[in-house]
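# Build the 3D model from these lines:
(4 chains)
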Protein chains: 4
Amino acid sequence: MCRWLAYSGSPLTIHDLLYKPEHSLIDQSLHSTMGVETTNGDGFGVGWYGVGDEPGVYHSVEPAWNDRNLRDMSQHISSSLVFAHIRASTGTAVQETNCHPFRHGKWLWQHNGAIREFQTIKRDLVLAVDPSLYASIEGSSDTEVFFYVALSLGLEDDPPNAVAEAVGFIEEVGRRHGVEHPIQMTVATTDGDRVWAFRYSSERDSRTLFYSTDVPTVRELHPEVEILQKVSDESRLIVSEPLRDLPGAWNLVPESSYGVIQEGQDELLPFKPRVPSSPTSMPAGV
Amino acid sequence: MCRWLAYSGSPLTIHDLLYKPEHSLIDQSLHSTMGVETTNGDGFGVGWYGVGDEPGVYHSVEPAWNDRNLRDMSQHISSSLVFAHIRASTGTAVQETNCHPFRHGKWLWQHNGAIREFQTIKRDLVLAVDPSLYASIEGSSDTEVFFYVALSLGLEDDPPNAVAEAVGFIEEVGRRHGVEHPIQMTVATTDGDRVWAFRYSSERDSRTLFYSTDVPTVRELHPEVEILQKVSDESRLIVSEPLRDLPGAWNLVPESSYGVIQEGQDELLPFKPRVPSSPTSMPAGV
Amino acid sequence: MCRWLAYSGSPLTIHDLLYKPEHSLIDQSLHSTMGVETTNGDGFGVGWYGVGDEPGVYHSVEPAWNDRNLRDMSQHISSSLVFAHIRASTGTAVQETNCHPFRHGKWLWQHNGAIREFQTIKRDLVLAVDPSLYASIEGSSDTEVFFYVALSLGLEDDPPNAVAEAVGFIEEVGRRHGVEHPIQMTVATTDGDRVWAFRYSSERDSRTLFYSTDVPTVRELHPEVEILQKVSDESRLIVSEPLRDLPGAWNLVPESSYGVIQEGQDELLPFKPRVPSSPTSMPAGV
Amino acid sequence: MCRWLAYSGSPLTIHDLLYKPEHSLIDQSLHSTMGVETTNGDGFGVGWYGVGDEPGVYHSVEPAWNDRNLRDMSQHISSSLVFAHIRASTGTAVQETNCHPFRHGKWLWQHNGAIREFQTIKRDLVLAVDPSLYASIEGSSDTEVFFYVALSLGLEDDPPNAVAEAVGFIEEVGRRHGVEHPIQMTVATTDGDRVWAFRYSSERDSRTLFYSTDVPTVRELHPEVEILQKVSDESRLIVSEPLRDLPGAWNLVPESSYGVIQEGQDELLPFKPRVPSSPTSMPAGV
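This next block holds a predicted model:
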């Protein structure tokens, strides 16, 4: 439904990340090969960390392949932590406030997938958003509501737990409304320091998600790929769909699991939704 | 903050209404003289009745004075009931889903003014929207929420009563949150048959609103104005700001009152907000 | 590269033409099956005749599948002569002034294909535009220049001859610059009365173009297709790609030929470019 | 008709330059006080030098005051040489390819004013553009053609001479077509190293242009202005209209003169158009 990438590592220009690779994200906006939709032309967005604590974001409703400003500006911004997302709308309006990545304070959030029958269950989900956060919701997409439910459940303190509870809550609400498989998702979130990436779906048949093999190994396998000479050993990409056809470079994130990119050892762990035991932020009756 | 017009009468092209008059609405988008803001460049919209029961709408985030499609298309659409609105945002995003007139079924709704401290009271207002209507809210503006509150309170059955209750409710919620003057408004709504136009503000110092003198009188006063020869005696305009400087042609709608344009005699009546006695659609605790 | 349709017949809403058919033009904007590009998301346009002599046009840089205004407005405009075009840019900017159909006075013009190495030969082509027409060129696309060259060569008096000379001239200029196959085209043009549609390419391997079988025959073959009950026997569609999979309903326009839709008998004739004998509008040295 | 600024000095974020000052350029887009038009809402652009030799540019057709991406991105880009421009169109389309600053290689160019009766003389001007540069013209504005005429006359080698010849040529062509006062201009251009700013009009009644007093003097006069503590003694602004009301801080560029901002001593010199003696790039007969 969408495609995204998350990069953490040596500073690269956004142009290096988005345009240079074969089968780049920009290519995928026109010719995705693994998505449900081959075209992701319903807006896009980039988020990056640089000046200050808060990330910059750039959102556009034009198809990414056409955006002259992105092509230009991306050559002038370099960052060591970049999120990028191309959208194929699952129904909500194509407008900048529905473009990923979403930002709240220093956090970014992007999603490939959908909350099913979102129009039906939206009100119950929105009621679970902490009243102090409620007014920050600007758009009408399922993903932004998902983000604010996770924030209300403590994303900033314990991302894996908050996402597990948010998903548990969405499944609980969805099933109450008769939705068989309430959620389909790969999600990435970051505080500018660590990156968490989740792969899950209620039907256990989730959209693809790949992480890159450690740089020294790929460098040895593919000495001809120039960019690998430029980036540190710690650099890492997570993507909906491999950017280049490099044997040995990409690993599928297993069904129902999540990874953490961080200083020191990265992690790959099982993911299990959990209905929040005491959703105190939620008004009685929900 | 915004400017609008409502026209009911002999079929005219939208171009006749929006571009032809001196000091037309398109002029006012650049050079309003009576508004708080002289520029209304944050998007615009047109709604009209023609084919079918439901009105057509055209929304754009470009300033109206620049829109080539509006200039062109407006020459090819003629209608006997037209709403048009130019926006000066009071804070919410400039996007098509925030452009007036808003539509629900066969109803249109447009507003000049603001719900004050909307971000603070938005959640309480949205909770009062009937759950069956909730998912139809597409944007993030105060006006759209106002419209859906009025719909929840019976706009389609009794517009003056529903608007009175919606305003009473907004004032009640606003004051509960410490907002001194919760609402400032001129509002027009229509079902394609009759038009209701309201002028009110909590501080009793409302934005201007004018209705046109009956056509035979103006025609006699200003025989040189061509368009007056083309329109029926029943034709009527309501506007934020007079379109032409025609002595005798425009009458100020009095403070705290509303008018009805309808077949037979038009009406002008006092407007008084009323807290809804039994807002059954509203969840306990609101 | 692009997809287009031209309709002449009983008045239909633009919505009937663009959205209702299976494999409609809007579908083709996402999933063209016969084009070089499967996605035509670089803007679109509609032109139609209604009020007045001059056609209305609506151009947008959004992908057609996303345009809320088109979806809405198209239900409120009905016409007996409609052009519609979805664009896959061959290099020039995505902006409204590059969207087809182009209009000059009462004429419309739309094109699927390209003038090859246009950037190289553009100056020579533009020099051939009549100085009195020159300032009307608003965009930067090859198609608009092609249109103005044809206008300079008498399009308004004798369309088949003017197009033959324009193509002859483009081929002559292109070959002088070493371009092997200077032009690839299906082109439609109309004065609001008759429609001319051309299929040609320098390499004699032109993009597909189809015209509809006469309505009485298709109606008999496919009595279940409702719209065929609504349209007159004279109604006719010309399309880049069939809209529905209706056996017997579509006929390929032969290579290097053109058709005329007109009152009385339609025509299908061979097309042969011709270098203009005395391009008096062209400055010496070109 | 437009407003612009050029900044050279200590690296500042684009946000510091565009949003922070009282009566900033963003304010002026809504409420210019010295321009012919009070509103400059027909698109805007920013150009800056940072990574690489070539400047980045960001163009948008939205009014500057509304652009969320500009507000955000500008906080993440810092530069020691910035051009910014807000546009009030004098007739040509509002599209990104008509937004200033224009770029060619490492050069930027922005303009406040107009070439009068541009549609009439455009063809003659365009014919004077070097054929090798011709295909780089992307938009339809007078300013871009002016830029390419200046480039054709040697802007990259000797800017003051090339601008003098370009203006001389425009006046000569204009007068040949009966235009009394062919040009009105303040123009800034830069190669990323030096900045040249010109003030001139055929009628010797040019739009205002101001340059900032040297930083040490202003710092002493206005110790309360924080940003003056952050920038080097060499920092300099040139603006259509003063950004703050700081007595002693702004100096009017005299009629018919130009300034150069450069390492070492800045210069202020008289400007006199000159018809190019031998416009070899221009086809015979022009």
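
# beta partners for the nearest residue to A:Phe210 once chain neighbours are set aside?
Distance criterion CB to CB, 6 or more residues apart in numbering or on different chains; nearest residue to A:Phe210, sequence neighbours excluded, is A:Trp250 at 4.5 Å. Where C-beta positions appear, they are placed from N, C-alpha and C, glycine not excepted. As for beta bridges, A:Trp250 partners with A:Ser212 under DSSP bridges.

# A:Trp250 against A:Leu209, yeah?
No. With contact defined as CB atoms under 8 Å, A:Trp250 does not count as touching A:Leu209 (10.2 Å).

# CA atoms only: put stretch A:52-59 into CSV for me.
These are the backbone C-alpha positions of stretch A:52-59, laid out as CSV (Å, rounded to 0.1, in the frame of the first residue of the first chain):
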residue,chain,number,x,y,z
GLY,A,52,18.3,20.8,16.9
ASP,A,53,16.6,17.9,18.6
GLU,A,54,13.5,17.8,16.4
PRO,A,55,13.6,16.3,13.0
GLY,A,56,12.9,18.2,9.9
VAL,A,57,10.0,16.9,7.7
TYR,A,58,9.1,17.5,4.1
HIS,A,59,5.7,16.4,2.9
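
# what distance separates that stretch from the middle of the whole chain?
Relative to its chain's centre, stretch A:52-59 lies at 15 Å (CA atoms, centre = their mean, to the nearest Å).

# can you tell me if that stretch touches chain B.
No. Contact of stretch A:52-59 with chain B (CB under 8 Å from any CB of the partner chain) is absent, the minimum separation being 10.7 Å.

# Report the separation between the residue nearest to A:Phe210 and A:Leu269.
According to CB to CB, to the nearest Å, A:Trp250 and A:Leu269 sit 19 Å apart.

# Compare the two (neighbour count), which wins?
A:Trp250 (19 against 11; other CB atoms under 10 Å in any protein chain shown).

# show me what contacts the more buried one?
When contacts are counted by CB atoms under 8 Å, 6 or more residues apart in numbering or on different chains, A:Trp250 touches A:Phe210, A:Tyr211, A:Ser212, A:Thr213, A:Val239, A:Pro242.

# what would those look like in TSV with pLDDT?
Listed next are these as TSV, based on pLDDT from 0 to 100:
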residue	pLDDT
A:Phe210	93
A:Tyr211	92
A:Ser212	90
A:Thr213	89
A:Val239	91
A:Pro242	84
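
# between A:Trp250 and A:Leu209, what contacts are shared?
Common neighbours of A:Trp250 and A:Leu209 (CB under 8 Å, 6+ apart) are A:Val239.

# Which residue, other than its chain neighbours, is closest to A:Phe169?
Per CB to CB, 6+ apart, closest to A:Phe169 is A:Pro276, 5.7 Å.

# where does that neighbour fall, helix, sheet strand or coil?
For A:Pro276, the secondary structure call by DSSP: H, G, I helix; E, B strand; the rest coil comes out as coil.

# Which stretches in chain A count as strands?
Secondary structure of chain A by DSSP state E: the strands cover A:2-13, A:44-48, A:56-60, A:78-87, A:102-104, A:107-115, A:183-190, A:195-201, A:210-212, A:236-239, A:250-252, A:257-261, A:267-270.

# For B:Val82, which of those strands is the nearest?
strand A:56-60 (32.4 Å; CB to CB).

# Which strands border the closest one, and is each parallel or antiparallel?
Paired with strand A:56-60 in the same sheet, following DSSP bridges, are strand A:44-48 (antiparallel).

# circling back to that earlier point, quick check: of the contacts of A:Trp250, which has the highest neighbour count?
Neighbour max across the contacts of A:Trp250 (other CB under 10 Å) = A:Val239, 24 neighbours.

# is it true that it touches A:Cys2?
No. With contact defined as CB under 8 Å, A:Val239 does not count as touching A:Cys2 (12.0 Å).

# The most centrally placed residue in chain A bridge partners, please.
Taking CA atoms, centre = their mean, the centroid of chain A lies closest to A:Gln110, which sits 2.9 Å from it. With beta bridges defined as DSSP bridges, A:Gln110 has these partners: A:Ala188.

# ok, it - contacts?
A:4, A:6, A:45, A:47, A:83, A:85, A:100-102, A:143, A:187-189.

# and the gap between it and chain D?
Distance of A:Gln110 to chain D, given as CB to the nearest CB, to the nearest Å: 16 Å.

# What of A:Tyr19?
15 Å.

# Also A:Phe147?
18 Å.

# residue contacts, the closest residue in space to that residue that isn't next to it in sequence?
Once flanking residues are discounted, A:Phe147 sits nearest to A:Trp109: 4.3 Å by CB to CB, 6+ apart. By CB under 8 Å, 6+ apart, the residues touching A:Trp109 are A:His100, A:Pro101, A:Phe102, A:Arg103, A:Thr143, A:Phe146, A:Phe147, A:Ala150, A:Val187, A:Ala188, A:Thr189.

# Let me know the closest of the residues you listed to C:Ser256.
Closest to C:Ser256, out of all of the contacts of A:Trp109 and judged by CB to CB, is A:His100, at 48.7 Å.

# one step back: which pLDDT value goes with the residue nearest to A:Phe210?
A:Trp250 carries a pLDDT value of 90.

# which parts of chain A sit against chain B?
So chain A meets chain B at A:92-93, A:95-97, A:119-120, A:122-123, A:126-127, A:131, A:134-135, A:137-140, A:283-285 (CB under 8 Å from any CB).

# Of those, grab the buried ones for PyMOL.
Listed next is the PyMOL selection for buried residues among those, using 16 or more other CB atoms under 10 Å in any protein chain shown:
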select buried, chain A and resi 92+93+95+96+97+122+123+126+127+134+137+138+139+140
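
# Which ones among the residues of chain A next to chain B map onto helices?
Here DSSP state H is the test, and the residues of chain A next to chain B give A:Gln119, A:Thr120, A:Lys122, A:Arg123, A:Val126, A:Leu127, A:Pro131, A:Tyr134 as lying in helices.

# So which of these would count as near chain D as well?
Okay, of these, nothing touches chain D (CB under 8 Å from any CB).

# separation between A:Pro216 and chain B?
45 Å.

# before we move on, the earlier item: out of the contacts of A:Trp250, who's nearest C:Ser60?
A:Val239 (31.5 Å).

# so where is the stretch 101-250 of chain A shaky, pLDDT-wise?
Along the stretch 101-250 of chain A, the model assigns pLDDT under 70 to no residue.

# Please give me every residue in contact with the one residue in it that gets nearest to chain C.
Scanning the stretch 101-250 of chain A for proximity to chain C using CB to the nearest CB identifies A:Ser140 as nearest, at 12.9 Å. By CB under 8 Å, 6+ apart, the contact set of A:Ser140 is A:Thr92, A:Ala93, A:Thr97, A:Asn98, B:Thr97, B:Ile137, B:Glu138, B:Gly139, B:Ser140.

# one more time with 10 Å, if that's ok
Neighbouring residues of A:Ser140 by CB atoms under 10 Å, 6 or more residues apart in numbering or on different chains: A:91-93, A:95, A:97-98, A:118-119, A:122, B:95, B:97, B:135, B:137-140.

# and if you look at A:Ala249?
A:210, A:212-213, A:215, A:217-219, A:221-222, A:225, A:228, A:237, A:242-243.

# And these, which two are furthest apart?
A:Phe210 and A:Arg219 (17.9 Å).

# So which bits of the stretch 101-250 of chain A are right by chain D?
A:Arg103, A:Glu138 (CB under 10 Å from any CB of the partner chain).

# Report the closest residue of the stretch 101-250 of chain A relative to chain D.
For the stretch 101-250 of chain A, CB to the nearest CB, closest residue to chain D: A:Arg103, 8.9 Å.
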